[in-house]
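K.L.:
Got a predicted model here, sequence first, then my questions.
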Amino acid sequence: MQCYKLHKMIWDTFEHNCGKPKQRWRILRPLLQPLRIPKPVRDCEHQFHLRLEQERTQWAQYQESTEREIADLRRRLSEGQEEENLENEMKKAQGDSEKLPSVVMPMEKEIAALKDKLAEAEDKIKETEASKSRNDRGKHR
């Protein structure tokens, strides 16, 4: 910043004192040579863009690692939920298996009773058919 102020002051002084541009330049040039800015503006701009690109790359890597971590956490969460669902299903199946005898035993008894009734009904049908066929034979004589 001081270089710019000094440069402007020298320029203003010589501009005021020297009337012709060529003559002014011949006088100013040797005086301004040592005052050159150490890094030209485009070098600063280039370094700025390089740094900006490095920071973008770092942020992209950070974002990528964060997204991987989030995906991993989601995967773990879903696995945990699957395990929890499996445990719940196993508990339900165990509860159902404990209830099963209380449902099946009465049904087995009912099935046995129905089989007995069916056997009795079949016996009655056979007796009825046998007596009917005896009656029919007796009528034909």
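P.N.:
Now that the structure is in, tell me what you want to look at. The structure presented is a predicted model; accordingly, all values stated were derived computationally and were not measured.
K.L.:
could you give the mean pLDDT of stretch 93-106?
P.N.:
Regarding stretch 93-106, the rounded mean pLDDT is 82.
K.L.:
Residues contacting that stretch, please?
P.N.:
Taking contacts as Cβ atoms under 8 Å, 6 or more residues apart in numbering, no residue outside stretch 93-106 touches it. Just so you know, the C-beta spots here come from the backbone N, C-alpha and C atoms, and that holds for glycine as well.
K.L.:
now that stretch, how far from the chain's geometric center?
P.N.:
Averaging C-alpha positions (Cα atoms, centre = their mean, to the nearest Å) puts stretch 93-106 41 Å from its chain's average.
K.L.:
Kindly report the same for stretch 45-58.
P.N.:
Distance, stretch centre to chain centre, for stretch 45-58: 31 Å (Cα atoms, centre = their mean).
K.L.:
Can you find the helix or strand in this structure with the smallest mean pLDDT?
P.N.:
helix 2-17 (a mean of 68; mean pLDDT, DSSP states H and E).
K.L.:
And the strands in the protein?
P.N.:
For the chain, strands defined by DSSP state E do not occur.
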